[in-house]
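Engineer: just coords:
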């Protein structure tokens, strides 16, 4: 958000801020904010896939797509963003996106889902065994520190109008996933 | 350079050359090394900065990707531990290609650098104070930002000063060592040369060619010493030979002086004898000339006698006939048988006899008178007036008896002028010329032509005499006027005729004579002498 105000003088900033506060009071403003957060989250997921290395066993073959899965409430914006993401590549692999309302479906359907984003409480709804089964060869990303404390690997948490990256080093170490050191250096550590 | 070679001893020159060469070489090496070191240092600085920039760029990627400028600033602040980094800026590039400052580090004493033309520093560039580098930050092949670093150059200046200081110290130490080694090696190297100099001085001072230089250095000086010794040996041999030759020359001079003295005495003696012989020869020549003159006179007398004999004989015959007629007339008168016819015949015959006698006697008288004059001229050196044509005829008259015996033709062309001259000399000259032509110029029974042309020109009488006889060879012509030269040796020729002609022309007449001749083309004389015209 602060990026928006770069290069604008103080008067304009005040006007913009007033306008922004006014918008907060507007009922539709929450929906717009959610849309921006979703955009940012999907973009971070895509970028994080570039800093991650999976075991060869995580893919069925060399031409297999990188599956990015979103577990949580489905919205039109999210669907559109996931569809848009499916047209890109990461680390030379094509990307396939999936949406699941529940994390257990992934296990039941034996979805590859090399990168899974658990929104809100979806992670906490899983049992410990299910969480362990998922995190073995998958990069799990959540949206709270609780996610990390419950065995999640990374979390995208808003801090000062930005998404900050947090990491659970123990979960990363126990998994077969390799995160690039420069990403880990950026991430703030949260212990279980 | 010439000034350098004209100063000091060889030792000093060598020392200066070694020191100069060392200084130059070391300076060049030190300069080259310093330049190379600085270049390498700069390259290292560039490489080091590039490596740092690449590493930092790599780590900045997630910060730019995840828009984490606080982490980027934190990463930049790590440069505070490196005092050489003046500033470091991270720029973010958006999808439209515009650039914005993302994070930066700046040393306090360094002003904020311009953000313009960041992309022009992709290759490191040295400015006045800093090494500037821009590094592209890219991710997955996409340019996402720039890292722009300014590195301080004071370290380079310190390195340069340090290099120069070290080079100078090394240079000074090297020169000191070079000087010490040069002095030491000079003594060793020039020792054989010093030996050689000592030997040359000894040779010069003592004239002793038997000393020899040392040849134990096994270098060029040894070769020089050997050559010098060889030269000394040759000089010694030459010197000994010269002494021997000088001694021999002195001995020979002594002998030669004796010989010269003896020869001088002999020559003096011979010279005296030659003088006597010459005197004797001159006497003989004089006698011969006198004899020749006498012979000429004899011939003159014989000629006179012959010429006078004819008119006198005619006169005698006429007077005898007249006497006989007179006796016959006297007898007839006494016997009284004298007739008028007889008387008339007597008178006619006597008249004719008297006439003949008169003519003959006049002729004889004329001849005698002429001969008398010639005789007088021949026997004296009197200078008198001479009418040239008449006198020539008188001379030819005296020669008639000789000319009658041959069939040669005389061609005379003489001017009628009268001049004062030595007539006797002219007589002898003409007579000798004609007699030489008759006796030597023609073969027997050959009719030749003798031409005599006498003319007066510019108070000089010119006589051009020539015959068309056998002529003379060049050798004989060259000896023509020498005494006793004759082509009829042993046939009565004395060889004095032309010599007398020469003497008469040159001495009696004070004139000149020249002769020209070729074999088969006769002989000619050109005579001229001064006279006083009447």
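Structural biologist: Everything's here; your move. Computed from a prediction, not measured in an experiment: that's the story for all the values here. Numbers count the residues shown, from 1 in each chain, chains lettered A, B, ... in the order given.

Engineer: so where do the strands sit in chain A?
Structural biologist: A:52-53, A:66-71, A:89-90, A:93-100, A:115-118, A:139-142, A:154-159, A:162-167, A:178-179, A:188-189 (DSSP state E).

Engineer: tell me the most buried of these?
Structural biologist: The highest average neighbour count among the strands of chain A, using mean count of other CB atoms under 10 Å in any protein chain shown, belongs to strand A:139-142 at a mean of 28. Yep, even glycine has a C-beta here, placed from its N, CA and C like the rest.

Engineer: Check the average confidence over that strand, would you?
Structural biologist: Averaging pLDDT along strand A:139-142 yields 92.

Engineer: What lies in contact with stretch B:461-470?
Structural biologist: The contact list for stretch B:461-470, computed with CB atoms under 8 Å, 6 or more residues apart in numbering or on different chains, reads B:388, B:408, B:419, B:421, B:429-430, B:433, B:437, B:440-443, B:446, B:448-456, B:519-529, B:531.

Engineer: now do stretch B:140-147
Structural biologist: By CB under 8 Å, 6+ apart, stretch B:140-147 touches A:50, B:53, B:56-57, B:60-61, B:64-65, B:88-93, B:99, B:102, B:118-119, B:134-138.

Engineer: if we can go back for a sec, from the contacts of stretch B:461-470, which ones fall inside strands?
Structural biologist: Counting by DSSP E, these contribute B:419, B:421, B:449-456, B:523-529 to strands.

Engineer: quick one, helices of the chain?
Structural biologist: Defaulting to chain A. With DSSP state H, the ranges of helices along chain A come out as A:10-25, A:27-50, A:76-85, A:103-108, A:128-135, A:145-149, A:169-174, A:181-186.

Engineer: oops, I was thinking of chain B
Structural biologist: So, for chain B - with DSSP H - the helices run B:2-5, B:10-65, B:69-76, B:154-206, B:220-334, B:340-379, B:388-398, B:400-404, B:423-436, B:474-478, B:497-503.

Engineer: can you put these in JSON lines and add distance to chain A, mean neighbour count and mean pLDDT?
Structural biologist: Conversion of the helices of chain B to JSON lines gives the following (distance: least, CB to the nearest CB, whole Å; neighbours: other CB atoms under 10 Å in any protein chain shown; pLDDT from 0 to 100):
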{"stretch": "helix B:2-5", "distance to chain A": "70", "mean neighbour count": "8", "mean pLDDT": "60"}
{"stretch": "helix B:10-65", "distance to chain A": "5", "mean neighbour count": "16", "mean pLDDT": "88"}
{"stretch": "helix B:69-76", "distance to chain A": "5", "mean neighbour count": "19", "mean pLDDT": "86"}
{"stretch": "helix B:154-206", "distance to chain A": "29", "mean neighbour count": "14", "mean pLDDT": "87"}
{"stretch": "helix B:220-334", "distance to chain A": "74", "mean neighbour count": "13", "mean pLDDT": "84"}
{"stretch": "helix B:340-379", "distance to chain A": "162", "mean neighbour count": "15", "mean pLDDT": "76"}
{"stretch": "helix B:388-398", "distance to chain A": "155", "mean neighbour count": "19", "mean pLDDT": "89"}
{"stretch": "helix B:400-404", "distance to chain A": "159", "mean neighbour count": "13", "mean pLDDT": "83"}
{"stretch": "helix B:423-436", "distance to chain A": "149", "mean neighbour count": "22", "mean pLDDT": "89"}
{"stretch": "helix B:474-478", "distance to chain A": "131", "mean neighbour count": "12", "mean pLDDT": "90"}
{"stretch": "helix B:497-503", "distance to chain A": "144", "mean neighbour count": "21", "mean pLDDT": "85"}
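
Engineer: Just put these in CSV and tack on distance to residue A:115.
Structural biologist: As requested, the helices of chain B are exported to CSV (distance: least, CB to CB, whole Å):
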stretch, distance to residue A:115
helix B:2-5, 86
helix B:10-65, 16
helix B:69-76, 22
helix B:154-206, 47
helix B:220-334, 89
helix B:340-379, 175
helix B:388-398, 169
helix B:400-404, 173
helix B:423-436, 163
helix B:474-478, 145
helix B:497-503, 158
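
Engineer: Tell me which of the helices of chain A sits most buried.
Structural biologist: Mean neighbour counts for these (mean count of other CB under 10 Å) peak at helix A:145-149, with a mean of 20.

Engineer: What's the PyMOL line that selects buried ones from the ones in strands among the contacts of stretch B:461-470?
Structural biologist: Remark: buried members of these, expressed as a PyMOL selection using 16 or more other CB atoms under 10 Å in any protein chain shown:
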select buried, chain B and resi 419+421+450+451+452+454+456+523+524+525+527+528+529
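
Engineer: Give me the pLDDT for residue A:45.
Structural biologist: For residue A:45, the model assigns a pLDDT of 89.

Engineer: what's in contact with stretch A:77-97?
Structural biologist: With CB under 8 Å, 6+ apart as the contact definition, stretch A:77-97 has outside contacts at A:34-35, A:38-39, A:42, A:45-46, A:49-50, A:53, A:59, A:64-70, A:98-99.

Engineer: again, but for stretch B:89-96
Structural biologist: Stretch B:89-96 is contacted from outside by B:60, B:63-64, B:69, B:72, B:76, B:99-105, B:113, B:115, B:118, B:137, B:143-149, using CB under 8 Å, 6+ apart.

Engineer: So, low pLDDT: which residues of chain A?
Structural biologist: By pLDDT under 70, the low-scoring segments of chain A are A:1-34, A:192.

Engineer: Name the residues of it found near chain B, please.
Structural biologist: Within chain A, the positions near chain B by CB under 8 Å from any CB of the partner chain are A:3, A:6-7, A:44, A:47, A:50-51, A:162-165, A:180, A:182-183, A:185-186.
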